[in-house]
Structure formats: structure tokens, C-alpha cells
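J.: structure for this input, please:
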Amino acid sequence: MTRYAMLTAFGQDRPGIVAALAEGLFQLGCNIEDTCMTRLRGEFTMMVMVRLPMRLSANVLAERLLPYTTPLELTVLCREVPARAAERGAEPDLPIFMLSVYGADHPGIIAQVARVVADHRGTITDMNTRVIGAADRPVHIMIMEVQMPAGSQPEALGQALDRLKPSLGVDLTFRPLEQVRL
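T.: Numbering: from 1, shown residues only. Prediction:
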């Protein structure tokens, strides 16, 4: 039976983190299947879906990676993922939209936008945010990928998001994302 683990690693960014994690996982017989990695200001963070070898459990994976992660002062967390949840399957042919937000930073932007998306049954499948600009005039940038369920009305979500613009004081764009089928 195929077993999977979700590994999360984070710590102060420095050269060699991805190489150390990949080498450690390889040496332990794990296969890296999916990853998401970014740097948040000076902090590194990475999520990795790995297929485990038969002799290794997710419970000991972080401990077995210590020789690779300790020199880099990384914190690593692991948990087993049910095979049913981790198995690759055909992606549903559901519409995907790109939602972008740009405007003066203030608390609540992400919470309010995410609530409107959830209320319209949208699933946020990817999200990136940044605060840029001078400290006295911070600007919030957010990019979300939103998948809509079959039978939903994306136009209604777009209208609800438009109504949110004045209260948030941001520019907001919601548009279909072209999908590539292989």
C-alpha cells in the first residue's frame, strides 16, 4: 500500500535549504511528488507531499531528517496523509478564476475577501499576498486562484466582490483563468 506524508519546513532563509531537504528525503528513500515553497520576507517556508518508502513512517520522518535540517536551523513537521487524499486523480474540469486585490493595506482585507469567496462556494486553491511600499504607506497585494463548483454562478461572486471594493478601498479584479489540458 502506498503511503504519503505532508512535510512542512520553515526557518530563516539561507542558501541550500531546498538542496538539503531534497537530499535528505532522497537518502531516506522518499519520493517528492508535490511542493510549494516561498520566502516570506526573510523566512523560508516549504510544504512537500512525499511518497514514503515501506520501511519509513511519517511519525519519524522529521527526526530522520535532523542531520540535514539541524545545520540550517529548520523546523520540520510531518504528518501522514491518507492515501485516498494524496492519490493523484483526474482534475475535475471546473472553472478557475484569478482574483487580484491591490490597495492600501489595513487589517481585514484577506478575511473579508475570503469570506465572500466562501459564501459563493468558491475554493481558494492558491493564494499569495505581499505588503509593499513605504512603512507609512503600505500597499497590500493579493493574488488568489479560485475554483468554482459545477453549477455555481461566478458572475454572482464577481458582483459580490465588486460591492466589497468601496468598503475595503482596494482595486479588485476577478477574471477567468485559461486552463491548459494535457
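J.: now for the strand or helix carrying F26, which elements pack on it?
T.: According to DSSP states H and E, F26 maps onto helix 17-27. If you count contacts as 3 or more C-beta pairs under 8 Å, 6 or more residues apart in numbering; DSSP states H and E, helix 17-27 packs onto strand 3-12, strand 31-40, strand 43-52, helix 66-69. All C-beta spots, glycine's among them, are computed from the backbone N, C-alpha and C.
J.: any idea how far V131 lies from M142?
T.: As judged by C-beta to C-beta, to the nearest Å, V131 and M142 stand 10 Å apart.
J.: looking at those two now, which is surrounded by more residues?
T.: Using other C-beta atoms under 10 Å as the criterion, V131 and M142 rank with M142 on top: 20 against 12.
J.: tell me the helix or strand right after the helix or strand of the chain with the lowest mean pLDDT.
T.: The weakest-scoring helix or strand in the chain, judged by mean pLDDT, DSSP states H and E, is helix 83-86 (a mean of 75). Once the chain leaves helix 83-86, the next helix or strand it forms, by DSSP H and E, is strand 96-104.
J.: after the lengthiest helix in the chain, next one along is what?
T.: Using DSSP state H to define each element, the chain has its longest helix at helix 154-168. Of the helices and strands lying after helix 154-168 in sequence (DSSP H and E), the nearest is strand 170-176.
J.: got the CA coordinates for that following strand in CSV?
T.: Extracted C-alpha coordinates of strand 170-176, given in CSV (Å, rounded to 0.1, in the frame of the first residue of the first chain):
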residue,chain,number,x,y,z
VAL,A,170,-9.0,48.5,-3.0
ASP,A,171,-8.9,47.7,-6.7
LEU,A,172,-10.2,44.2,-7.3
THR,A,173,-10.2,42.1,-10.5
PHE,A,174,-11.9,38.8,-10.9
ARG,A,175,-11.4,37.0,-14.3
PRO,A,176,-11.5,33.5,-15.7
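J.: tell me the mean pLDDT for it?
T.: For strand 170-176, mean pLDDT is 95.
J.: likewise for stretch 152-162?
T.: Stretch 152-162 comes out at a mean pLDDT of 95.
J.: contacting residues around that stretch?
T.: 95, 97, 99, 113, 116-117, 119-122, 146, 148, 172, 174, 176 (C-beta atoms under 8 Å, 6 or more residues apart in numbering).
J.: just the buried subset of these, please.
T.: 97, 99, 113, 116-117, 120, 122, 146, 148, 172, 174 (16 or more other C-beta atoms under 10 Å).
J.: for A5, state which of those residues is nearest.
T.: V146 (27.9 Å; C-beta to C-beta).
J.: surely that closest one and M127 touch.
T.: No. Assessed by C-beta atoms under 8 Å, V146 is found out of contact with M127, at 9.1 Å.
J.: which residues sit against the helix holding F26?
T.: Taking C-beta under 8 Å, 6+ apart as the rule, helix 17-27 contacts 7, 9, 11, 32, 37, 44, 46, 48, 50, 64-65, 67-69, 71-72, 74.
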